[in-house]
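Trainee: Structural data only, the sequence is not supplied:
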């Protein structure tokens, strides 16, 4: 039996899932990945320690390989991961600095500098990207300005997925989807932008070569095999950006398809068969798909860590059914949560308004607001943000979206999925895919290994439709009122005071 492994580098955990060629899981393992605050002089700075990342990857590989069923043969491995976060390597592959995390606000000055050099229209027209403080060019600029001796030694700047591929195979490359997150690649040609590199005075030589997902990078290195139990026959195949790998698994390719990925970040992803970087005020950005000759329109916002905050502060310790119990409490409230309204900006706003200094808030407290209202308001506020992104992304489109496919860990939260259907006024389908993100990576591994002819063949082999949450249109009308007249206005009302708080406590 031919098997494929997808390794998923997440913001809270690292997973390895081994699948058969029909997309059914055969083995797997996961372990926690912690962000580090390792600079006492800057307690808000966050990094991923490269030794922690690599140790986690080796752990999940070795644990999952032990559980391969009799008769199973692992043919290929592909890695998927969150974008933007990377590190410099010297010519001999030595790590020169930890991976600056997307949690970290240290690159805000470089972000502001760039906006004074390249405006949003020029950035989008050249690269398909919008200014986002977490994108990789700002990390490189920070390194140039604060650690120039490191840049002088650097051979390549590898994103987290690329770093793991290098440790597995020795190749220093990136794929088109991950390269998009640098904010320095021309989408139409998949080449680095000389204009961006020149205007920002970037060290272009350290940018890795953009390469098509599904390309074979080589076999697993012998020392990795010795530490993980791999045989050495396994191919390492180039994967891609996590939510775009999930889009492949969910069959998001054409313009009428839209996926909502629910994880640490919430991503709305819409397939595009033609790339168009003509500037528009309808906020979204463009990344290359992991599928050939396809692109993705994307809008994104941090989401899951606020639900984790809710669990940590409102859930009972050691409660094995914590989410079921919290959502049962939320259902005791009613739409609108008695006026309690949540602005989900714990880590700023990335879309559709780019406001890195914005902060979260619970507003509308009154003597009717209860614990169940606060829990429900959190879910509603996060879903208002989904609607805000959806409207900006689809406004003016000639292709109507008639439904949404949802993937990610949050799809198990039935209350939240129903809230999405009600607030958006659209059916929400949950495809029957086991861990769509590593599955998408495994599909790319299968393409590289020749087990699938192409992306369409892989989708045909693994995709299965699933449950659908239909919208309650009466609730949709209620939510539309609250969304337009309370939630959207709350952002403007708090903008200035949030900036004051940010300047005093977050810098």
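Mentor: It's in. In this text, all values refer to a predicted model and were calculated from it rather than measured experimentally. Numbering: from 1, shown residues only.

Trainee: And the contacts of stretch 99-116?
Mentor: The contact list for stretch 99-116, computed with C-beta atoms under 8 Å, 6 or more residues apart in numbering, reads 11, 35, 42, 44-50, 53, 82, 84-87, 131-134, 137-139, 141-142, 145, 160, 163, 200, 347, 356-357, 506-507. For every residue, glycine as well, the C-beta is placed using N, CA and C.

Trainee: Just the residues you listed: which are in strands?
Mentor: Among the contacts of stretch 99-116, the ones falling in strands (DSSP state E) are 47, 48, 86, 87.

Trainee: Would you mind measuring from the second one to residue 377?
Mentor: In this structure, residue 48 and residue 377 are 32 Å apart, going by C-beta to C-beta, to the nearest Å.

Trainee: List only buried entries from the ones in strands among the contacts of stretch 99-116.
Mentor: Those of these that meet the buried threshold are 47, 48, 86, 87, by 16 or more other C-beta atoms under 10 Å.

Trainee: Distance to residue 318 and pLDDT added to these, as TSV?
Mentor: Below are these laid out as TSV (distance: C-beta to C-beta, whole Å; pLDDT from 0 to 100):
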residue	distance to residue 318	pLDDT
47	30	94
48	28	94
86	37	96
87	36	97
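
Trainee: now, the most widely separated pair of those?
Mentor: Greatest spacing in these, by C-beta to C-beta: 47 and 86 (11.3 Å).

Trainee: re the thing from before, pull out the buried members of the contacts of stretch 99-116.
Mentor: Neighbour counting by 16+ other C-beta under 10 Å classes 11, 35, 45-50, 53, 82, 84-87, 131-134, 137-139, 141-142, 160, 163, 200, 347, 356-357 among the contacts of stretch 99-116 as buried.

Trainee: mind listing the strands for the stretch 251-400 of the chain?
Mentor: 258-262, 265-272, 285-288, 295-302, 341-343, 361-363 (DSSP state E, counting those that start in this stretch).

Trainee: oh, I was asking about the stretch 401-507 of the chain
Mentor: With DSSP E, counting those that start in this stretch as the criterion, the stretch 401-507 of the chain has strands at 404-407, 428-430, 467-469.

Trainee: ok, and what's touching the second one?
Mentor: Read that as strand 428-430. For strand 428-430, the surrounding residues in contact (C-beta under 8 Å, 6+ apart) are 260, 403-407, 411, 417, 420-421, 465-469.

Trainee: Just give the closest residue to residue 375, not the sequence neighbours.
Mentor: Spatial nearest neighbour of residue 375, excluding adjacent residues (C-beta to C-beta, 6 or more residues apart in numbering): residue 330 at 4.4 Å.

Trainee: Give me the number of neighbouring residues for that neighbour.
Mentor: Counted with other C-beta atoms under 10 Å, residues neighbouring residue 330 total 25.

Trainee: next one: residue 360
Mentor: Residues lying near residue 360 (other C-beta under 10 Å) number 18.

Trainee: roughly how far apart are it and residue 342?
Mentor: Noted for residue 360: a distance of 7 Å to residue 342, by C-beta to C-beta.

Trainee: same check, this time on residue 409
Mentor: 20 Å.

Trainee: I'd like the distance between the most far-flung residue of the chain relative to its centre and residue 44.
Mentor: The C-alpha centroid of the chain is most remote from residue 367, which lies 38.3 Å away (C-alpha atoms, centre = their mean). For residue 367, the distance to residue 44 (C-beta to C-beta) stands at 36 Å.

Trainee: for the stretch 351-500 of the chain, what are the low-confidence residue spans?
Mentor: Scanning the stretch 351-500 of the chain for pLDDT under 70 picks out the ranges 396, 398.

Trainee: could you pull out the helices for it?
Mentor: Counting by DSSP state H, counting those that start in this stretch, the stretch 351-500 of the chain has helices at residues 371-394, 414-424, 436-448, 455-462, 473-482, 488-505.

Trainee: In the shortest one, which of the residues would be classed as buried?
Mentor: When you say that, I think you mean helix 455-462. 455, 458, 459, 462.

Trainee: do stretch 20-39 as well
Mentor: Buried residues in stretch 20-39, counted by 16+ other C-beta under 10 Å: 20, 21, 23, 26, 27, 28, 29, 30, 33, 35.

Trainee: any chance of those in TSV, plus distance to residue 246, pLDDT and secondary structure?
Mentor: Output for those, formatted as TSV (distance: C-beta to C-beta, whole Å; pLDDT from 0 to 100; DSSP: H, G, I helix; E, B strand; the rest coil):
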residue	distance to residue 246	pLDDT	secondary structure
20	19	97	strand
21	18	97	coil
23	13	97	coil
26	20	97	strand
27	20	97	strand
28	16	97	strand
29	19	98	strand
30	16	97	strand
33	18	92	coil
35	22	91	coil
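
Trainee: related to what we said a few turns ago, include distance to residue 428 when you put the buried residues of helix 455-462 into JSON lines, please.
Mentor: Shown next, in JSON lines, are the buried residues of helix 455-462 (distance: C-beta to C-beta, whole Å):
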{"residue": "455", "distance to residue 428": "24"}
{"residue": "458", "distance to residue 428": "24"}
{"residue": "459", "distance to residue 428": "20"}
{"residue": "462", "distance to residue 428": "21"}
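
Trainee: For stretch 42-51, what is the distance to the chain centroid?
Mentor: Mean-position distance between stretch 42-51 and its chain equals 19 Å (C-alpha atoms, centre = their mean, to the nearest Å).

Trainee: An error on my part: the question was meant for stretch 392-403.
Mentor: A distance of 22 Å separates the C-alpha centroid of stretch 392-403 from that of its chain, computed with C-alpha atoms, centre = their mean.
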